[in-house]
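Trainee: No letters, just coordinates:
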């Protein structure tokens, strides 16, 4: 039977519970789920033209709230590099892959209300699917989130709540609300149903490429939901005997906020402490307490306990490690991946290493140039959606063979191509 499992201490919970994290360590859940065998590429012909065509590989099927998400185009950028246009999803970002699965679960559990936290795209996606499901929804967003994103959250009938202090303070506010009775926390980080939605990115590539995968998948990483979904799909396809070669996972972060890249370069299995050289780019609102756990994606991992951060700028972080920055500070144009302490950091690092991949970082100038270059090719994406193309344009030994990059979010949500 499908159930939640804590990869750190083995605690289990039924999926009908509204417990959003492990009650022992407060870390993210993994999901005990094995896809059905006996379904190859040939069996998919004639199915629904959405991600639900992969129903045997998903923990839920027969959705009531689908908006036709998935099956996004794969278009060439060069002879060796193709882009998957996930900004053509119903709410204009790849987050629809995870949100539809997560909110379908919420619909079946019928909570009093749904809460989420997001820099914008995940919030808009959860809000849209909650509207489809008839569920009241509150979305916590960092103060300074682009107006286009908060307007879309509001348009879907959800209530956006702006939180000063950055992404971690926003997440802490949402988690405090999630502890209330009758609340479903639609967390794209803590709830593994989201990852089982994002994994369809790779299932689509597998089908589109005739039962194989590219040599290299280049993926933007903040909380790592697309990369972990990709790693999950690769592991499942290999376990089912549907692929033999494992693609390299190349993770991309903005230089300005690159805690995972710093840990990878240092050979660490988890995030570096803030006083370690290489961790100096982390933002001061970092949450303390990221502990180690079991290795591997399917075995999983969870971060340590999450303490609540103050919601006012200039207030001290509980462990005295710094202060919450004033509202409106933006360390990178790629705000969608500006995550200083991702809760699944250990899993992300392990997934990249297991694949033989690497971490790359890109400058703000490179992000601007890549975004402008994509726009000149007819592809207008937000800055976060351009980071992978920025990395590919700079080249490197990690980018060998046939390469696919995701264009994750539409540029209409983030202003002009000048950044």
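Mentor: Yep, that arrived. Worth saying up front: this structure is predicted, and the values here are computed from it rather than measured.
Trainee: quick one: the strands in the stretch 51-200 of the chain?
Mentor: 74-76, 81-84, 113-117, 137-142, 159-163, 183-185 (DSSP state E, counting those that start in this stretch).
Trainee: Name the stretch from those that approaches residue 9 most closely.
Mentor: strand 183-185 (19.8 Å; Cβ to Cβ). Every residue, glycine included, has its C-beta placed from N, CA and C.
Trainee: just checking, what packs against that closest one?
Mentor: strand 113-117, helix 167-178 (3 or more Cβ pairs under 8 Å, 6 or more residues apart in numbering; DSSP states H and E).
Trainee: Pipe the strands of the stretch 51-200 of the chain into JSON lines and attach mean pLDDT per row.
Mentor: Below are these laid out as JSON lines (pLDDT from 0 to 100):
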{"stretch": "strand 74-76", "mean pLDDT": "98"}
{"stretch": "strand 81-84", "mean pLDDT": "98"}
{"stretch": "strand 113-117", "mean pLDDT": "97"}
{"stretch": "strand 137-142", "mean pLDDT": "95"}
{"stretch": "strand 159-163", "mean pLDDT": "95"}
{"stretch": "strand 183-185", "mean pLDDT": "98"}
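Trainee: Columns distance to residue 373 and mean neighbour count on top of these, output as TSV?
Mentor: Below are these laid out as TSV (distance: least, Cβ to Cβ, whole Å; neighbours: other Cβ atoms under 10 Å):
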stretch	distance to residue 373	mean neighbour count
strand 74-76	14	12
strand 81-84	12	22
strand 113-117	32	26
strand 137-142	28	26
strand 159-163	32	19
strand 183-185	38	22
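Trainee: Same list, those, but as a markdown table with distance to residue 2 please.
Mentor: Shown next, in a markdown table, are the strands of the stretch 51-200 of the chain (distance: least, Cβ to Cβ, whole Å):
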| stretch | distance to residue 2 |
| --- | --- |
| strand 74-76 | 31 |
| strand 81-84 | 28 |
| strand 113-117 | 20 |
| strand 137-142 | 24 |
| strand 159-163 | 31 |
| strand 183-185 | 17 |
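Trainee: and of those strands, who's closest to residue 26?
Mentor: strand 183-185 (12.3 Å).
Trainee: Relative to residue 52, how far out is residue 218?
Mentor: 26 Å (Cβ to Cβ, to the nearest Å).
Trainee: what about those two, which has more around it?
Mentor: Each of residue 218 and residue 52 has its neighbours counted (other Cβ atoms under 10 Å); residue 218 has more, 27 against 22.
Trainee: And the contacts of the host helix or strand of residue 361?
Mentor: Using DSSP states H and E, residue 361 sits within strand 358-362. Outside strand 358-362, the residues within contact range by Cβ atoms under 8 Å, 6 or more residues apart in numbering are 221, 248, 250-255, 258, 260-261, 264-265, 352, 370, 387, 390-391, 394, 396, 398.
Trainee: re the thing from before, quick one, which of the strands of the stretch 51-200 of the chain gets closest to residue 209.
Mentor: Between the strands of the stretch 51-200 of the chain, strand 74-76 lies closest to residue 209; by Cβ to Cβ that is 8.3 Å.
Trainee: Tell me which strands the strand holding residue 361 pairs with, and in which orientation.
Mentor: strand 248-254 (parallel) (DSSP bridges).
Trainee: hmm, back to that, with distance to residue 377 as new columns, can the helices and strands packed on strand 183-185 be given to me in a markdown table?
Mentor: As requested, the helices and strands packed on strand 183-185 are exported to a markdown table (distance: least, Cβ to Cβ, whole Å):
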| stretch | distance to residue 377 |
| --- | --- |
| strand 113-117 | 33 |
| helix 167-178 | 30 |
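Trainee: Buried deepest among those, which one?
Mentor: strand 113-117 (a mean of 26; mean count of other Cβ atoms under 10 Å).
Trainee: Please enumerate the helices of the stretch 201-350 of the chain.
Mentor: Here the stretch 201-350 of the chain has its helices, by DSSP state H, counting those that start in this stretch, at 225-239, 259-265, 345-355.
Trainee: Sketch out the low-pLDDT regions of this protein for me.
Mentor: 1, 275-330, 413-419 (pLDDT under 70).
Trainee: which residues does residue 390 contact?
Mentor: 252, 362, 366, 367, 369, 370.
Trainee: let's go with 7 Å and repeat that
Mentor: 362, 366, 367, 370 (Cβ atoms under 7 Å, 6 or more residues apart in numbering).
Trainee: so which strand or helix has it?
Mentor: Using DSSP H and E, residue 390 falls in helix 383-394.
Trainee: Report the angle between that helix and strand 248-254.
Mentor: 120 degrees (axes from the mean of the first three to the mean of the last three Cα atoms, to 10 degrees).
Trainee: List the buried residues for helix 383-394?
Mentor: Buried positions in helix 383-394, judged by neighbour count with 16 or more other Cβ atoms under 10 Å: 383, 384, 385, 386, 387, 388, 389, 390, 391, 392, 393.
Trainee: again, but for stretch 206-221
Mentor: Quick answer for stretch 206-221 (16+ other Cβ under 10 Å): 206-208, 212-221.
Trainee: if we can go back for a sec, how far away from the center of its chain is the strand holding residue 361?
Mentor: How far strand 358-362 lies from its chain's middle: 17 Å, per Cα atoms, centre = their mean, to the nearest Å.
Trainee: Stretch 188-203 now?
Mentor: 8 Å.
Trainee: Derive a ChimeraX selection command for the buried subset of the contacts of strand 358-362.
Mentor: Those of these that count as buried under 16+ other Cβ under 10 Å are selected in ChimeraX with:
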select :221,248,250,251,252,253,254,255,258,260,261,264,352,370,387,390,391,398
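Trainee: Next, the distance between the ends of stretch 30-45.
Mentor: 31 Å (Cα to Cα, to the nearest Å).
Trainee: neighbouring contacts of that stretch?
Mentor: Residues contacting stretch 30-45 (Cβ under 7 Å, 6+ apart): 2-5, 7, 53, 56-57, 59, 192-193, 196, 207, 210-211, 236, 240, 242, 300.
Trainee: Next: stretch 175-186.
Mentor: By Cβ under 7 Å, 6+ apart, stretch 175-186 touches 18, 20, 102-103, 106, 109, 111-116, 126, 138, 174, 306, 308.
Trainee: I'd guessed residue 143 sits against residue 161; true?
Mentor: No: counting by Cβ atoms under 7 Å, residue 143 sits too far from residue 161 to count as a contact (9.8 Å).
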